[in-house]
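> Kindly return the folded structure for what I paste below:
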Amino acid sequence: MPAPHWPDGHAGTRPKPVTSLGGLHRGVAGSGSSGPQWSSVSRLTLQAVAAQENSLSQPVLNIGPVLLDNRPFHIVSIGPSAGAAGPGGQARRVAPVLVHRAPRAAQVPAEHVAQLALAFMPALQSSDSEHPFAFHDQPEEINVNHRHLRPSMLMLACGLSLGAGAAQGQQLIKLTAASGHPPVFLWVKTLEETFIPEVDKKLAAAGNKYKIEWTKAWGGTLIKLGAESRGIADGVADLGMVSTIFEAARFPLQNVSYYTPFGTDSIDVVGRTIAELQRTVPAMSEVWTKNNLVFLGGMSLDSYHIWTKFPISRIEDLQGRKISAPGPSANWIRGTGAVGVAGTLNTYYEDIKSGVSDGAITFITGAWGVKLHEVAPYVTRVNFGAQFAGAIVINKKRFDKLPPEVQKAVREAGDAWAVQYAKAQSTQAALLAQKLTAAGARFADLSEAERKRWADALSPVAKVWAADAQSKGLPADAVLNAYMGAIVKSGAKVPRDWSK
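Numbering: from 1, shown residues only. Predicted structure coming up:
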């Protein structure tokens, strides 16, 4: 048989694998059993490994998509199992993993497919060694069985299109959606219950030519909070929620509302204002593309207030207190005598309970989701204003490879989600305020005079932010002026114009 010729130029030899997934080897490492040895690994784990392959400096076996038994697979390499010994105590080489999934690579040159077949045949025909192959039949698990594939099953082809191998007349497309927050929060709940069904509905209405097989990974199970944009851009997930508030370095202009506190409490006004800025300010729209993302729909939060263990009627009541605050909102308490403590909705409850902080700045719908009133029952309505906090996005390279009908459905679903989410968030805020009161929360409104005192006590946070962004070549002054102009024009009672 001719020596295999690998596409990366390593003629006659197998490229040295550099990626190792230990869980795959447990069932094949010298167990001494003559029967099939099984192991499994999460499909998302393999996707995460595959997403990092481009950054590896050593050659790896990553030929791309092929057909086995008329079913689409994608080649992902793994390394030899540490300590795995074959007959006679010799080290056993582990064959590549074949993952049955919609391939991300566009095509495989025909000569590479032929060479791949030659390379696999000796391994498959060997009777004195075990070579595991991942054979993905279920949506959540990949089963590994070293006897599962036989030479007679090998039918290799190239030029696979996205979704090849789905039911005749309908192409199956696999997408993974992720979020660092759990679905107890409305933006994730509606991503699952509004956006995803809306995509499915639009594809069905368009003739059912394409079907999405969704994998959902919420609550940081795949991508941690604050790392969503990078995770989606790198292909760990295909789409999901990006919390721009926790990624201010990557999306500085999208955080303008967090540098202009005491603004409007209208989610709709903030959402429409940011949407208009993204439409008219190239730097705000281009930042998504620069991060390999496509913006699908924005998310604004109901007005922020302060939850504490103690009552507040004057800013002096904050003197010496530790207050948890997310991202740039820590600026809202500087100058009041309070000390900011970095935190998120995922950490506030335990931080306050354990004494790390004495309270937190957050919003009603979020506070209810984590039962914050149980540890911080005093809720002072300061009305820091509604805030733009993130968006649903999709990996741009993934999006560009989707069929036009699917692209259209995804974009339209994003628009529909943004409208429905804003309405639901406003409605929920009012309803949950009543539930919080019934559950024991003690609401109190900060007077307008004290609210102005608070705003005036702060440093010129917006001008400092704008100056820093301007120094980096961003049109922050124009964004700040346009944003404040829109808020004032909406009729909001603004105790301080941050653009001046």
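
> Show me where the stretch 151-300 of the chain has its strands.
171-178, 210-217, 239-243, 293-308 (DSSP state E, counting those that start in this stretch).

> so what strands line up beside the third one?
Just to be clear, that refers to strand 239-243. Using DSSP bridges, strand 239-243 pairs in its sheet with strand 171-178 (parallel), strand 378-395 (antiparallel).

> and what of the last one?
Taking DSSP bridges as the criterion, strand 293-308 sits next to strand 359-363 (antiparallel), strand 378-395 (antiparallel) in its sheet.

> tell me the mean pLDDT over that strand?
Mean pLDDT, strand 293-308: 96.

> Buried residues, that strand. List them.
293-308 (16 or more other Cβ atoms under 10 Å). All C-beta atoms are positioned from the backbone trio N, CA, C, and that covers glycine.

> swap in stretch 398-407?
Within stretch 398-407, the residues scored as buried using 16+ other Cβ under 10 Å are Arg398, Phe399, Lys401, Leu402, Pro403, Val406.

> now swap in stretch 331-348 and tell me
Across stretch 331-348, burial judged by 16+ other Cβ under 10 Å covers 331-333, 335-336, 338-341, 343-348.

> Could you work out the most separated pair of the residues you listed?
Greatest spacing in the buried residues of stretch 331-348, by Cβ to Cβ: Gly335 and Asn346 (27.4 Å).

> how about low-confidence regions in the stretch 151-300 of the chain?
Within the stretch 151-300 of the chain, the ranges that satisfy pLDDT under 70 run 151-168.

> so where do the helices sit in it?
With helices called from DSSP state H, counting those that start in this stretch, the stretch 151-300 of the chain shows them at 186-190, 196-205, 228-233, 267-280, 282-290.

> Would you mind saying which of these lies nearest Ala482?
Checking the helices of the stretch 151-300 of the chain against Ala482 by Cβ to Cβ gives helix 267-280 as the closest, at 6.1 Å.

> which helix in the protein runs the most residues?
Selection of the longest helix in the chain by residue count, based on DSSP state H, yields helix 404-438.

> Start and end of stretch 360-380, how far apart?
Separation of the first and last residues of stretch 360-380 by Cα to Cα, to the nearest Å is 11 Å.

> no, scratch that, I was asking about stretch 316-332
14 Å.

> ok, and for that stretch, which residues are buried?
Buried residues in stretch 316-332, counting neighbours by 16+ other Cβ under 10 Å, are found at 317-318, 321-332.

> Then stretch 472-487?
Applying 16+ other Cβ under 10 Å to stretch 472-487 flags Leu474, Pro475, Ala476, Ala478, Val479, Leu480, Asn481, Ala482, Tyr483, Met484, Ala486, Ile487 as buried.

> And for stretch 206-219?
Neighbour-count burial for stretch 206-219, counted by 16+ other Cβ under 10 Å, picks out Tyr210, Lys211, Ile212, Trp214, Thr215, Lys216, Ala217, Trp218, Gly219.

> And the contacts of that stretch?
By Cβ atoms under 8 Å, 6 or more residues apart in numbering, the residues outside stretch 206-219 that reach it are 43-44, 139-140, 163, 166, 169-183, 188, 192, 196, 199-200, 203, 223, 237, 240, 403, 405-406, 408-409.

> Name whatever forms a beta bridge with Ile394.
Those that pair with Ile394 in a beta bridge, by DSSP bridges, are Leu239, Val294.

> got the contact list for it?
Shown here is Ile394, whose contacts under the criterion Cβ under 8 Å, 6+ apart are Ile232, Asp238, Leu239, Leu293, Val294, Leu296, Val410.

> Would you map out the domains in the protein?
The record's domain parsing of the chain by automatic domain parsing lists 22-153, 173-489.

> any chance of the ones you listed in CSV, plus distance to Ser499?
Listed next are the domains of the chain as CSV, based on distance: least, Cβ to Cβ, whole Å:
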stretch, distance to Ser499
domain 22-153, 41
domain 173-489, 4
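
> which pair in the buried residues of strand 293-308 spans the largest distance?
Greatest spacing in the buried residues of strand 293-308, by Cβ to Cβ: Val294 and Thr308 (40.4 Å).

> Looking at the strands paired with strand 293-308, which one is packed in the most?
strand 359-363 (a mean of 27; mean count of other Cβ atoms under 10 Å).

> the inter-axis angle of that one versus helix 404-438?
Put simply, strand 359-363 runs at 130 degrees to helix 404-438, going by axes from the mean of the first three to the mean of the last three Cα atoms, to 10 degrees.

> just checking, next helix/strand downstream of strand 359-363?
helix 364-369 (DSSP states H and E).

> and that following helix, what does it pack onto?
Helices and strands touching helix 364-369, by 3 or more Cβ pairs under 8 Å, 6 or more residues apart in numbering; DSSP states H and E, are strand 293-308, helix 404-438.

> Distance to Ile392 added to the ones you listed, as TSV?
TSV is the format used below for the helices and strands packed on helix 364-369 (distance: least, Cβ to Cβ, whole Å):
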stretch	distance to Ile392
strand 293-308	4
helix 404-438	6
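
> Identify the residue spatially nearest to Pro252, adjacent ones excluded.
Ala469 (5.2 Å; Cβ to Cβ, 6 or more residues apart in numbering).

> so who does the one you found touch?
By Cβ under 8 Å, 6+ apart, Ala469 lies in contact with Pro252, Leu253, Ala476.

> Nearest to Trp454, out of those residues: which one, please.
Nearest to Trp454 among the contacts of Ala469, with distances taken as Cβ to Cβ, is Ala476, at 24.1 Å.
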